[in-house]
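Undergrad: pasted the sequence and its predicted model underneath.
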Amino acid sequence: MKSKYPSTILIIDDNASNTGYLTRKLETATHNVMSANSTKEAEVLLTKENFDLVLLDILMPDVNGYEFLKKNAADFQENHTPVIMVSSLDETDTIYRCLEAGAEDYVTKPYNFIVLNARINSALERKALKDKEKEYLKTIEDEKHKSENLLLNILPSPIAERLKAHEATIADAFPECSVLFADIVGFTPLSAKLGAKQLVKVLNEIFCAFDGYTEKLGVEKIKTIGDCYMVASGIPEPNPDHAKNLVEMALQMLHFFEGRDAIEGESISIRVGIHSGPVVAGVIGKKKFIYDLWGDTVNTAARMESHGIPGTIQVSEATAELIKGTHDLESRGVKEIKGKGPMKTFLVKQ
């Protein structure tokens, strides 16, 4: 009778007539059969082949079947490989020790092949179910990793962990951080000349480069708004060098545009603004959630950018105080800033 689960079976028995008989019977049932007349031979075969089931005699000339089972039990269990003991020994203690050591079943000699075959099929059915379960669990784990990676593309790692822990409201106050806004100058007239795909391609190239800078410098990309790129440092984990890190980010952004050819006759550059101070940060939304920042610091950083000069980095007096020992600054004096009134602003010298 053909088996519902054609498999590769290893017979370990020192009696050649037994292995020959079982081989013929099992091959008739459409199994692929290999045999070993000693546990030493079996060890060699196990290194060369993956077996779906093992028929193992206890009384062997070298290492007995029980010791062989104990030695390989971990591998058999990991691969869901059932081991059926086939022996003339029928003492209860021997059967118990084999089952305790990891055997799937125990059949005494002389055996009825119809009964043995039924037990083999039963063991192979259980193995097939376990293998399928393993595949399902791997698929679930792979999908889980994909979801987690997608979450990490949206949220900072510490925030993602808190979200996964089902924290209801994620909101934190940061007394000291820096916020950067960068706007691509000349992009609006360029967008009128480019097709949709080319336009997105240009913007994607720029923002992907910026994403790389954030990873390199350990700063946090918050979001993009049209052709504007927003970054923060000192959140979600405090960093005493938050202002310096964002100035370095801004310098790399400016460097990206150096020597770039005009596109459709339009030259593009970047204008950067940075301000330092307290913010509130948190996650909002239910479906398309976002990690965002709020507070006067955010508004002021946006004004530093919008009142800046193309190709330069404008910083507030608060940021200037934090970086004056590491970066050269040029004062712009007092400027009237929309929504803020008169403010001292500075340009970072390149």
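TA: Yep, it's here. Numbers count the residues shown, from 1 in each chain.
Undergrad: going forward, measure contacts and count neighbours with C-alpha atoms only.
TA: OK.
Undergrad: just the helices in this structure please.
TA: In the chain, helices defined by DSSP state H lie at 16-28, 39-48, 65-78, 92-101, 113-154, 157-164, 187-191, 196-217, 242-257, 296-306, 317-323, listed in chain order.
Undergrad: which elements pack onto the third one?
TA: Packing contacts for helix 65-78, counted by 3 or more C-alpha pairs under 8 Å, 6 or more residues apart in numbering; DSSP states H and E, involve helix 92-101.
Undergrad: cool, and the fifth one?
TA: Of the remaining helices and strands, none touches helix 113-154 by 3+ C-alpha pairs under 8 Å, 6+ apart.
Undergrad: how distant is it from the center of its chain?
TA: Counting by C-alpha atoms, centre = their mean, to the nearest Å, helix 113-154 is centred 21 Å from the centre of its parent chain.
Undergrad: quick one: it to helix 157-164, angle?
TA: For helix 113-154 against helix 157-164, the angle by axes from the mean of the first three to the mean of the last three C-alpha atoms, to 10 degrees is 120 degrees.
Undergrad: what about residue 315, distance to residue 225?
TA: 20 Å (C-alpha to C-alpha, to the nearest Å).
Undergrad: which one's more surrounded, the two?
TA: Neighbours around residue 315 and residue 225, counted as other C-alpha atoms under 10 Å, are more numerous at residue 315. The numbers are 32 against 10.
Undergrad: distance of the more buried one from residue 16?
TA: 88 Å.
Undergrad: then residue 235?
TA: 73 Å.
Undergrad: what of residue 295?
TA: Plainly put, residue 295 is 84 Å away from residue 16 if you go by C-alpha to C-alpha.
Undergrad: with residue 131 instead?
TA: According to C-alpha to C-alpha, residue 131 stands 32 Å off from residue 16.
Undergrad: now the lowest-mean-pLDDT helix or strand in the chain: buried residues?
TA: Sorted by mean pLDDT, DSSP states H and E, the helices and strands of the chain end with helix 157-164, the least confident at a mean of 82. By 16 or more other C-alpha atoms under 10 Å, the buried positions in helix 157-164 come out as 159, 160, 163.
Undergrad: convert it to PDB, retaining C-alpha atoms only.
TA: Coordinates of each C-alpha in helix 157-164 appear next as PDB, following Å, rounded to 0.1, in the frame of the first residue of the first chain:
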ATOM      1  CA  SER A 157      13.000  52.800  18.100                       C
ATOM      2  CA  PRO A 158      12.200  53.600  21.700                       C
ATOM      3  CA  ILE A 159       8.800  55.000  20.800                       C
ATOM      4  CA  ALA A 160       8.000  51.900  18.700                       C
ATOM      5  CA  GLU A 161       8.800  49.700  21.600                       C
ATOM      6  CA  ARG A 162       6.400  51.700  23.800                       C
ATOM      7  CA  LEU A 163       3.700  51.400  21.200                       C
ATOM      8  CA  LYS A 164       4.200  47.600  20.900                       C
END
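Undergrad: name the residues that touch it?
TA: 151, 152, 170, 236 (C-alpha atoms under 8 Å, 6 or more residues apart in numbering).
Undergrad: that concludes my questions; thank you for your assistance.
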